[in-house]
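S.K.: predicted model and sequence follow; I will ask about them next.
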Amino acid sequence: MSAQYAIARPRGARLGFALDHAELLGALLVAPAIVFIAALIAVPFCLALYYSVSAYNMGTLSFSFVGLENFIEVTKSSIFQRTLINTLVFTFASNLLALVLGKITALILLREFPGRALVRCLVILPWAVPVALAAITWRWMLDSMYSVVNWVLVHAHLVSPDVWPNWLGEEGLAMVSIIVIQAWRLFPFSAIIFLAGLTSVPKAVIDAAHVDGAGYWRRTFQIVLPMILPIMMVALLFGLVSTFTDMSVVYLVTKGGPTNSTQVLGSLAFQVGILSGNVGRGAAISLYLFPFLLVATFFLLRFLRRREI
Amino acid sequence: MAQVIARRLRKDFGDERAVDGIDLEVRDGEFMVFLGPSGCGKTTTLRMIAGLEKPTSGEIVIGSSVVNELPPRSRGIAMVFQGYGLYPHLKVRDNIAFPLRTQGMARELIGKRVQWAAGALGITRLLDRKPRQLSGGEQQRVALARALVREPTVFLLDEPLSNLDAKLRTSARNELKEFQRRIGTTTIYVTHDQVEAMGLGDRIAVLEHGRVRQVGTPKEIYDDPANTFVATFLGAPPMNLLPRGGRIEGFRPENFMHRDLRPADAGAARYDFTVRRIEYLGNERIAYGTINGHANGAEYTARMPAHLAEPAVREGETYPFTVQPADLRYFDAATGERVPGPA
């Protein structure tokens, strides 16, 4: 009997079987994503974990296990110490700046004005433009000889043409420059998150705050911001993690210079691990902050979940 | 306690006139209901009284002073919103305390006042919950407590019961009325629901297209509508309107009765009523039909107690129906305004 059934089964029945069974269909649909993540994130991550505790050098192919030696050596290096501080300054300053710019932009975009739709599209640009393209533009704007920023400053009589700032060539200024550029890249995302948050606050709540006697600052800090805090935290988390692990702006604009003054973990890891071939050391540098980020993310997400109940 | 007066109040939103010259006086301690269809300007008027909208022109007086230039917080008002507008991230306790904190009241005093307001509305056991953990009825009480706690001179309520289910709405309505009687604060209540308006209001202001069409007690509004709009907006089914002799005759469905079922006075108006359909409403029957020889076949309604209608009135038949002279109202055919009847 069963053989007869098997023969009589119409073509395509296997697909039909899968479509009728939610758990099977679910597994099928989610499989490509899992394969993708495993191949492009999990495998390289595990490799990096292994490299960081081995003495692997490009060319030598020695995978000998050295324990935490890479991490200890890295910690002793003065360049690494400077890089670590740079990374913290760069990450927190640029994200804070992006948050403030994002909030201001969101408040502007909330108002009705002619051409708002166009401005809303244009605001996305810094986030959408390929980073290489943006970096070239910024390098030109901050160039030591042809800087349009300086041209404007000179013509506004704010600096003299003889002593104008060399944005990417002086240590402090270079750091300021890459912070501004990173903030410029990040702020559209934070503006959109803010905008979504602000428009999700019911009008009745704002009206109630007015009637209850809350002025602008009290409405902002005691009603609106706490209400959109969860969504803000997610935006901030994204910004922080992506900046901590990112090297594109630094590498494209300053290459970590002058004299490592803008070196961040990502760019240093690339330089040591790939360009100089000391893969184990590079992996240790790039994984250095991973435990801290993991713990911070864990607590932040737990905090958000608690708030929602 | 205070009176509220609107003088020639107007509000334009762009080209659209939301409120078109409202003159109105709400007496001290009165429960006033603004009743009207959506878009009639009732909520806009309330928001102007609250100070949430700025009038295009006209004056608002609360107590004895013009408050046009005062922000909401300085007007001595408290408001309950449709959807309540509770602060979702604050506990019930902090929601109720919020208007007191903005006044910079001392901490111990705030605690006492919150307890008092929560006690008055029976929500003491909910104080440590968040709004989202409450039912609709409980949220409504919290909103009321938050309004009550600052002891306002005027309560403004914007459709506060519309988010409740039908059964809860009835009990909440009774509680609200009891509550207002007890505290005696001047209250303005906005609704589109005539049953709420009739049940709650000391007086009702009926609004249409940004204008007040009539102000009066529920009985005045129902028995003596000032125009055909008020006549047809209140009552379910609404007043029958029959053009006859250059005027419009109006009569409530419950006064439109089979001649044999109620002895008519000598001067009673007589109509031949053809019943098309009878609606079964338990204790009542509503007959829909046409009046022969009049009004191009428009539909009229008669409302009869079940025990009378059952044997006497059938679908498809024509009957002599009468209306007592005292139950007839007359309106101008052109303007729809009330005109005196024949002497």
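M.R.: Sure, I can see it. The model shown is predicted, which means the values in this text are computed figures rather than measured ones. Numbering: from 1, shown residues only, chains lettered A, B, ... in the order given.
S.K.: how about the backbone phi and psi for residue 203?
M.R.: Picking chain A for this. Residue A:203 adopts backbone torsions of phi -60, psi -40, taken as degrees, to the nearest 10.
S.K.: that answer is for a different chain, and I need it for chain B
M.R.: Per degrees, to the nearest 10, the backbone of residue B:203 is at phi -130, psi 160.
S.K.: wait, isn't it in contact with residue B:30?
M.R.: Yes - Residue B:203 is within contact range of residue B:30, at 6.5 Å (criterion: CB atoms under 8 Å). Every C-beta, even on glycine, is put in place using the N, C-alpha and C of the backbone.
S.K.: okay, which residue is most central for chain A?
M.R.: residue A:242 (2.3 Å; CA atoms, centre = their mean).
S.K.: can you list the residues of the stretch 101-250 of chain B near chain A?
M.R.: Residues of the stretch 101-250 of chain B found near chain A (CB under 8 Å from any CB of the partner chain) are B:102, B:103, B:130, B:146, B:150.
S.K.: ok so, going back, now do the helix or strand hosting the residue nearest to the centre of chain A: distance to the chain's middle.
M.R.: Assigned by DSSP states H and E, residue A:242 falls within helix A:225-244. Chain-centre distance of helix A:225-244: 11 Å, with CA atoms, centre = their mean, to the nearest Å.
S.K.: which elements pack onto that helix?
M.R.: Applying 3 or more CB pairs under 8 Å, 6 or more residues apart in numbering or on different chains; DSSP states H and E, we find helix A:225-244 packed against helix A:78-110, helix A:171-200, helix A:290-308.
S.K.: and if we set it to 10 Å?
M.R.: Contact analysis of helix A:225-244 by 3 or more CB pairs under 10 Å, 6 or more residues apart in numbering or on different chains; DSSP states H and E lists helix A:78-110, helix A:171-200, helix A:265-269, helix A:290-308 as its packing neighbours.
S.K.: list the helices and strands the helix or strand that it is followed by packs on?
M.R.: Next helix or strand after helix A:225-244 toward the C-terminus (DSSP H and E): helix A:248-253. Helix A:248-253 sits against helix A:78-110, helix A:131-141, helix A:171-200, helix A:265-269, with contacts defined as 3+ CB pairs under 10 Å, 6+ apart.
S.K.: then the last one to CSV, C-alphas only?
M.R.: Spelled out, that is helix A:265-269. Extracted in CSV, the C-alpha atoms of helix A:265-269 (Å, rounded to 0.1, in the frame of the first residue of the first chain):
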residue,chain,number,x,y,z
LEU,A,265,42.5,50.0,17.3
GLY,A,266,41.1,49.1,13.9
SER,A,267,43.8,50.9,11.9
LEU,A,268,46.6,49.7,14.2
ALA,A,269,45.4,46.1,13.9
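S.K.: report the buried residues of it.
M.R.: Neighbour-count burial for helix A:265-269, counted by 16 or more other CB atoms under 10 Å in any protein chain shown, picks out A:265, A:266, A:267, A:268, A:269.
S.K.: nearest to residue A:121 among those?
M.R.: residue A:266 (30.4 Å; CB to CB).
S.K.: quick check: pLDDT value at that closest one.
M.R.: According to the prediction, residue A:266 has pLDDT 83.
S.K.: OK, contacts around the spatially closest residue to it that is not a sequence neighbour?
M.R.: In this structure, residue A:266 finds its nearest non-sequential neighbour in residue A:247, 2.9 Å apart by CB to CB, 6 or more residues apart in numbering or on different chains. For residue A:247, the contacting residues are A:87, A:256, A:263, A:264, A:265, A:266, A:267, A:268, A:269, A:270, A:271, A:286, by CB atoms under 10 Å, 6 or more residues apart in numbering or on different chains.
S.K.: residues in contact with the fourth one?
M.R.: The one in question is residue A:264. Residue A:264 sits in contact with A:83-84, A:86-91, A:178, A:182, A:243-247, A:249-251, A:254, A:256, A:270, where contact means CB under 10 Å, 6+ apart.
S.K.: drop anything exposed from those.
M.R.: The neighbour count (16+ other CB under 10 Å) marks A:83-84, A:86-87, A:90-91, A:178, A:182, A:243-247, A:249-251, A:254, A:256, A:270 as buried among these.
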